[in-house]
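**Student:** coordinates for the following, if possible.
(2 chains)
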2 protein chains.
Amino acid sequence: MIKPTLTDDLVHMKHGAGGRAMRALIEGVFVDLEGEGGEAARMDDGAAIPFGDKWLVVTTDAHVIKPLFFPGGDIGRLAVSGVVNDLAMMGATEVLALTSSMIIEEGFPIELLRRVKASMKAASREASAPVLTGDTKVMGRGEIDGLVMSTSGLGVAARVVRDAGLRLGDAIVINGSIGDHGLAVMSARHDLGLQGELRSDVAPLNGLVRVVLAAGGEAIHAMKDPTRGGVTSALSEMAEKAGVSVVLEESSLPMSDAARAAADLLGIDPLGVANEGKALFGVAPDALDRVLAAMRAHPLGARAVCIGRVVAQGGPTAGTLLLDTGFGHRRLFERDGEPLPRIC
Amino acid sequence: MIKPTLTDDLVHMKHGAGGRAMRALIEGVFVDLEGEGGEAARMDDGAAIPFGDKWLVVTTDAHVIKPLFFPGGDIGRLAVSGVVNDLAMMGATEVLALTSSMIIEEGFPIELLRRVKASMKAASREASAPVLTGDTKVMGRGEIDGLVMSTSGLGVAARVVRDAGLRLGDAIVINGSIGDHGLAVMSARHDLGLQGELRSDVAPLNGLVRVVLAAGGEAIHAMKDPTRGGVTSALSEMAEKAGVSVVLEESSLPMSDAARAAADLLGIDPLGVANEGKALFGVAPDALDRVLAAMRAHPLGARAVCIGRVVAQGGPTAGTLLLDTGFGHRRLFERDGEPLPRIC
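**Tutor:** Residues are numbered from 1 along each chain as shown, chains lettered A, B, ... in the order given. Have a look, this model is predicted:
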């Protein structure tokens, strides 16, 4: 895997957008900070620490979203789901503790804080993931835009699953429609009038992942949630790390009509926008049917489907993500930054 | 302990200042979110989860500080030390993992990020507290003031120590001079010209706490770090929770000449400003000498001293903090908000 290089002197929006620029920032600035943990392993979106015959998994996520309340969710639901999903993607479906830190702008309505709290509580119960402690800071007016949050999670995994484990022949499975979160948020932000139909998919996925791991066992070779940077970014990174080539079948990509309409109106690629209730699984072919059946029996996997295959391992195409359009293959590239076109 | 009541509709600066107003916000908004953890116990600045014959302790802290770089430290050293100290105050002196989340303003110099990273790394090594994972988000220009951070920590405690354990007769011990951090930061912010002499005390205290617990054992009844709200706020809360009355001896309070001068110039009470490398211990009287001797042998406890006593348990004075001025007792009250007078 070729490491992206940091050539900038200043931080740009692209450095927070989940693609190559962000990895360059992390590799260029933080790489020798993280990972000095002896036996502990720095992982995909977290770290795993051997503890008895299991693994303790820790992860953290910062949440900055506008608007704070959007169709299908809010920053509170996002903050809980995001870290639960990062844990789940490493196999830690049992959550021991979440922590929540909030930075609030002076003058922020306390009634809105109560709403955020209520959403956190609901998501926390859905995931059986208790929020055990928190911290609150206040900044002056104009020093921060409303409310930002960071959540961290502590989970337990019997087996750590990586996002780097794809193998030749694996099926690429997703648990439902693509692009709903990012497109719902952008539609709300730009007041496109699609709010009624388009809702964020934000949800904690640890219950679904438990079902997948129970059904698939060792046949689940890799997992990753396509958040910032979307499906393209997540699968590109998975392909790069495993040194494989992945082909997505365009006709099989699940997408709602409302999401397609919003993507057209905004002029952006739905494969590049964030999902917050979706996971990508690399599944050995002989386990595909039973994994899909198990997923479809779960409320968050009812529309689970195979969207592609790992077609080559090593060789000149290693690390590439291709889209089979029905008229040939087109290479998909990770974007460097924010998928949203500037609308002034 | 009388719970403070939340009567405001909007968030004010006082709600982030570590005193009664902040506790009112937490009690009024977040109380039923936290603590739904079954066996896990919500603690002082974190939570403890029974795990085998030990406790896993988790904590989180948000860091907003101006300026980001100040005499004696920076936001990176603060972010690592803050969570290490929260863990240590509950007895978790062994740190398994730290996580770091950063929210950065577009246009922030990458060179400054490298400096923050270097400080984090140095503090992480001092504390043997590995930073295992992180997250980075970028907000647009003007949406956030430079850089804010949240750090979380996971530690292990053989015995959980609370801040509520003070008993009649306990000595109140501090490991050195009072007010240095808050006064250094405020002096830098207002360019008082005292920077050379006055330095923040920010440091990870888990090594010192290990020494204290080894020397004192069960005789260490309570611990708390006097951060936001300072010594007054920390000891008031300890006295309230334990239902005891504490008397501080004014003549024994350790304070540097530079800190006294800065406090005079700024017109604020040094007992009310944050410390980031100090801890308060409630020590059974028969263990006081050996605890002080052990602390003084540690670099961060060289100036450890007994500053007061628990003089009553229950009764009409329960929950009060008194200052013995040499001419009588004066009651100290927690401030509601920011200790800094508004300087326009």
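**Student:** where do the helices sit along the stretch 101-250 of chain A?
**Tutor:** A:110-126, A:180-189, A:206-216, A:230-242 (DSSP state H, counting those that start in this stretch).
**Student:** out of these, which comes closest to B:Asp324?
**Tutor:** With respect to B:Asp324, and counting by CB to CB, the nearest of the helices of the stretch 101-250 of chain A is helix A:110-126 at 39.4 Å. Bear in mind the C-beta positions are built from the backbone N, C-alpha and C, glycine included.
**Student:** quick check: which of the helices of the stretch 101-250 of chain A is nearest to chain B?
**Tutor:** Nearest to chain B, of all these, is helix A:110-126, at 5.1 Å by CB to the nearest CB.
**Student:** now do that closest one: distance to the chain's middle.
**Tutor:** The chain centre lies 21 Å from the centre of helix A:110-126; the measure is CA atoms, centre = their mean, to the nearest Å.
**Student:** for it, packing partners?
**Tutor:** Applying 3 or more CB pairs under 8 Å, 6 or more residues apart in numbering or on different chains; DSSP states H and E, we find helix A:110-126 packed against strand A:73-74, helix A:75-89, strand A:94-105, strand A:131-139, strand A:147-157.
**Student:** residue numbers of the stretch 101-250 of chain A in contact with chain B?
**Tutor:** By the rule CB under 8 Å from any CB of the partner chain, the part of the stretch 101-250 of chain A lying against chain B is A:101-111, A:113-114, A:117, A:120-121, A:124-125, A:130-140, A:142-145, A:148, A:150, A:152, A:154.
**Student:** those residues, buried ones only, as a ChimeraX selection?
**Tutor:** Only the buried entries of these go into this ChimeraX selection, using 16 or more other CB atoms under 10 Å in any protein chain shown:
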select /A:101,102,103,104,105,106,108,110,113,117,120,121,124,130,131,132,133,134,135,136,137,138,139,143,144,145,148,150,152,154
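**Student:** point out where the stretch 101-250 of chain A drops to low pLDDT.
**Tutor:** Applying pLDDT under 70 to the stretch 101-250 of chain A flags the ranges A:194-196.
**Student:** so the closest residue to chain B within the stretch 151-300 of chain A versus B:Met149, what's the distance?
**Tutor:** Distances between the stretch 151-300 of chain A and chain B by CB to the nearest CB are smallest at A:Ser152, namely 3.6 Å. For A:Ser152, the distance to B:Met149 (CB to CB, to the nearest Å) stands at 12 Å.
**Student:** A:Arg115 against A:Phe69, yeah?
**Tutor:** Yes. With contact defined as CB atoms under 8 Å, A:Arg115 reaches A:Phe69; the gap is 7.3 Å.
**Student:** that older thread, anything in contact with each of A:Ser152 and B:Met149?
**Tutor:** B:Ser101 (CB atoms under 8 Å, 6 or more residues apart in numbering or on different chains).
**Student:** just give the closest residue to the closest residue to chain B within the stretch 101-250 of chain A, not the sequence neighbours.
**Tutor:** Nearest residue of the stretch 101-250 of chain A to chain B: A:Val138, at 3.0 Å (CB to the nearest CB). Excluding the flanking residues, the one nearest A:Val138 by CB to CB, 6 or more residues apart in numbering or on different chains is B:Gly16, at 3.0 Å.
**Student:** my read: A:Asn206 touches A:Ala127, true?
**Tutor:** Yes. Between A:Asn206 and A:Ala127 there is a contact at 5.4 Å, judged by CB under 8 Å.
**Student:** what is in contact with the two at once?
**Tutor:** Common contact partners of A:Asn206 and A:Ala127 (CB under 8 Å, 6+ apart): A:84, A:95.
**Student:** domains for chain A, by residue range?
**Tutor:** Following automatic domain parsing, chain A resolves into domains at A:46-157, A:171-332.
**Student:** mind checking which of those domains is nearest B:Ala21?
**Tutor:** In terms of CB to CB, the element of these nearest to B:Ala21 is domain A:46-157, at 9.7 Å.
**Student:** ok, A:Asp257 - how many residues close by?
**Tutor:** By other CB atoms under 10 Å in any protein chain shown, 9 other residues sit near A:Asp257.
**Student:** what's the answer for A:Gly52, then?
**Tutor:** Residues near A:Gly52, counting by other CB under 10 Å, number 9.
**Student:** what's the answer for A:Thr325, then?
**Tutor:** Neighbour count of A:Thr325, defined by other CB under 10 Å: 12.
**Student:** may I have the secondary structure class of A:Ala263?
**Tutor:** Here A:Ala263 is recorded as helix under DSSP: H, G, I helix; E, B strand; the rest coil.
**Student:** that one reaches A:Asp257, doesn't it?
**Tutor:** No. The pair A:Ala263 / A:Asp257 is not scored as a contact, 10.8 Å apart, by CB under 8 Å.
**Student:** what's the host helix or strand of A:Ala259 in contact with?
**Tutor:** Element membership for A:Ala259 (DSSP states H and E) is helix A:257-266. Residues outside helix A:257-266 that contact it (CB under 8 Å, 6+ apart) are A:177-180, A:183-184, A:186-187, A:190, A:192, A:194, A:197-198, A:269-270, A:273, A:340-341.
**Student:** got a quick PyMOL command for the buried subset of these?
**Tutor:** In PyMOL, this line selects whichever of the contacts of helix A:257-266 come out buried by 16+ other CB under 10 Å:
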select buried, chain A and resi 177+178+179+180+183+184+186+187+192+194+198+270+273+340
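**Student:** quick check: A:Pro50 vs A:Gly282, distance?
**Tutor:** Distance, A:Pro50 to A:Gly282, by CB to CB: 24 Å.
**Student:** ok, those two, which is more surrounded?
**Tutor:** Neighbours per residue, other CB under 10 Å: of A:Pro50 and A:Gly282, the larger number sits with A:Gly282, 30 against 13.
**Student:** beta partners of that one?
**Tutor:** According to DSSP bridges, the residues that bridge with A:Gly282 are A:Ile172, A:Ala222.
**Student:** where's it relative to A:Arg159, distance?
**Tutor:** Taking CB to CB as the measure, A:Gly282 falls 15 Å from A:Arg159.
**Student:** point to the residue nearest the middle of chain A.
**Tutor:** A:Thr227 (3.0 Å; CA atoms, centre = their mean).
**Student:** my guess is that one meets A:Gly19, correct?
**Tutor:** No. The pair A:Thr227 and A:Gly19 does not pass the contact test of CB under 8 Å, sitting 11.5 Å apart.
**Student:** overlap in contacts, those two.
**Tutor:** Counting by CB under 8 Å, 6+ apart, nothing touches both A:Thr227 and A:Gly19.
**Student:** returning to that earlier point: show me what contacts the residue nearest to the centre of chain A?
**Tutor:** Counting by CB under 8 Å, 6+ apart, A:Thr227 makes contact with A:18, A:82, A:85, A:234, A:274-276.
**Student:** same check, this time on A:Arg309
**Tutor:** A:Arg309 makes contact with A:169-172, A:246-247, according to CB under 8 Å, 6+ apart.
**Student:** now those residues as a markdown table including neighbour count and distance to B:Thr317?
**Tutor:** Output for those, formatted as a markdown table (neighbours: other CB atoms under 10 Å in any protein chain shown; distance: CB to CB, whole Å):
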| residue | neighbour count | distance to B:Thr317 |
| --- | --- | --- |
| A:Gly169 | 16 | 76 |
| A:Asp170 | 28 | 70 |
| A:Ala171 | 22 | 71 |
| A:Ile172 | 26 | 69 |
| A:Val246 | 27 | 71 |
| A:Val247 | 18 | 76 |
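**Student:** looking at those, spot the one nearest A:Ala24.
**Tutor:** For the contacts of A:Arg309, the nearest to A:Ala24 is A:Val246 (22.4 Å; CB to CB).
**Student:** if anything else comes up later, I'll come back, but that's it for now.
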